[in-house]
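Q: Turn this into a model:
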Amino acid sequence: MSYYYEYELGKAAKILCEDLFKLKPGETFVITADTECEKRVIDATATAAFACDAKPMVIYTASPLGVGKAADPMLPLESLTAALLKADAWVEFNNKWLLYSTPYDIAMKENKKLRHLCLVGMNVDMMVRNIGRVDYPNLEKFMMLVTKKTLSAKHMRITTPAGTDVEFNNEPGRKPIMELGYADTPGSHMMAGQIGWSPNFESINGTIVFDGSLVPPIVGILKEPVRLTIKKGETVKIEGGKEATEYEKWLKSFNHPQMLKLAHVCYGFNPGARLTGDILEDERVWGGTEWGLGNVGAILVPGGISGPSHTDGICLNSSVWLDGVQIMDKGQLLDPELKKLAEKLGKV
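A: Okay, here's the model as predicted:
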């Protein structure tokens, strides 16, 4: 099994370093990892980076018990921050993400040249399907059109067969994150196939039902849906089974009001993504939507909104209305322009 996708992985790592990062000779390329990572992904990426005449630097840490700033007490903060402050590019494969951690915040603020790509929890199968086999030109056309149509709308409604029914207003002037997979410009980037934005928080009302995955604190695919009642952007009730109880306990354990507040909404549109229990991939399952709670990054809202941690939940098979016009039904595109582009990506 050590040869599973051996050649395909090499190609995906080459695409990552040459096409997505566009690594240049002499650049310092930091690869962060923890003890929950798949080593073959790290080695293939370091090899591809070295083949670009870049200087790969792999940093392993013990796996923290939390993510974001909740991971701070278990990280070598000063040493890790120092390395990131001098790096040209950084990919994080660590399963427990450093995104929104203190080293991340400092590095993104002070290292103006740093190109960051968040690929947390990456494994061989995921890397081949979601990076190595992506039709990037057509995906870019599709995502640009979805983003344009969505952000032109004033009011939105999203429903799912599991019971999600939530409405909100978009905030004029607030920039979306359109993740095309590229990390060739300074700043923080994500794997291709996700479009995220922060609506007007106080306008968010209704029900959000997570029926895919929910990380943290739940590991893997949800066994039962977790139902959130939302009023003016804040979670006022959490219902479901044991996982819902665990989730509510985790959110309230921080004793911080921001952890019950919504941070962003996202579309999932990576044609190779499958529901696997790995949040990086689950967020990009075609036709799904994802909601984050907790810390709001500065890439979404100027200055950001500080919170002690962040969590993301997946709503599958979403239906979407823009100013009363339905563009997607249970994950299938209805808008004629979008449907045509989706077909080119193999999503009928």
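Q: Start from the N-terminal end of the chain and give the helices.
A: Secondary structure of the chain (DSSP state H): helices located at 6-14, 39-51, 77-86, 102-110, 124-127, 136-151, 242-253, 279-282, 336-344.
Q: As TSV, those helices with distance to G233 and mean neighbour count would be great.
A: Every C-beta, even on glycine, is put in place using the N, C-alpha and C of the backbone. Below are the helices of the chain laid out as TSV (distance: least, C-beta to C-beta, whole Å; neighbours: other C-beta atoms under 10 Å):
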stretch	distance to G233	mean neighbour count
helix 6-14	38	18
helix 39-51	37	19
helix 77-86	31	16
helix 102-110	23	18
helix 124-127	32	22
helix 136-151	18	17
helix 242-253	15	16
helix 279-282	22	25
helix 336-344	28	15
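Q: Lowest average confidence across these, which one?
A: Set side by side, the helices of the chain give their lowest mean pLDDT on helix 279-282, at a mean of 90.
Q: Reformat the helices of the chain as a markdown table; add distance to E224.
A: Shown next, in a markdown table, are these (distance: least, C-beta to C-beta, whole Å):
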| stretch | distance to E224 |
| --- | --- |
| helix 6-14 | 34 |
| helix 39-51 | 31 |
| helix 77-86 | 37 |
| helix 102-110 | 32 |
| helix 124-127 | 25 |
| helix 136-151 | 30 |
| helix 242-253 | 6 |
| helix 279-282 | 16 |
| helix 336-344 | 31 |
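Q: buried residues in the strand ranked longest in the chain?
A: Criterion DSSP state E: the longest strand present in the chain is strand 305-315. Neighbour-count burial for strand 305-315, with 16 or more other C-beta atoms under 10 Å as criterion, is recorded at I305, G307, P308, S309, H310, T311, D312, G313, I314, C315.
Q: quick one, what contacts the residue nearest to the first one when sequence neighbours are not counted?
A: What sits nearest to I305 in space, not counting adjacent residues and going by C-beta to C-beta, 6 or more residues apart in numbering, is V296, at 3.9 Å. When contacts are counted by C-beta atoms under 8 Å, 6 or more residues apart in numbering, V296 is found next to S198, Q258, A263, H264, G304, I305, G307.
Q: what about the third one, neighbour count?
A: For A263, the tally of surrounding residues (other C-beta atoms under 10 Å) stands at 26.
Q: quick one: which two of the buried residues of strand 305-315 are the most distant?
A: Pairwise distances across those (C-beta to C-beta) peak at 24.2 Å, for the pair P308 and C315.
Q: end-to-end on stretch 129-140?
A: One end of stretch 129-140 to the other measures 17 Å (C-alpha to C-alpha, to the nearest Å).
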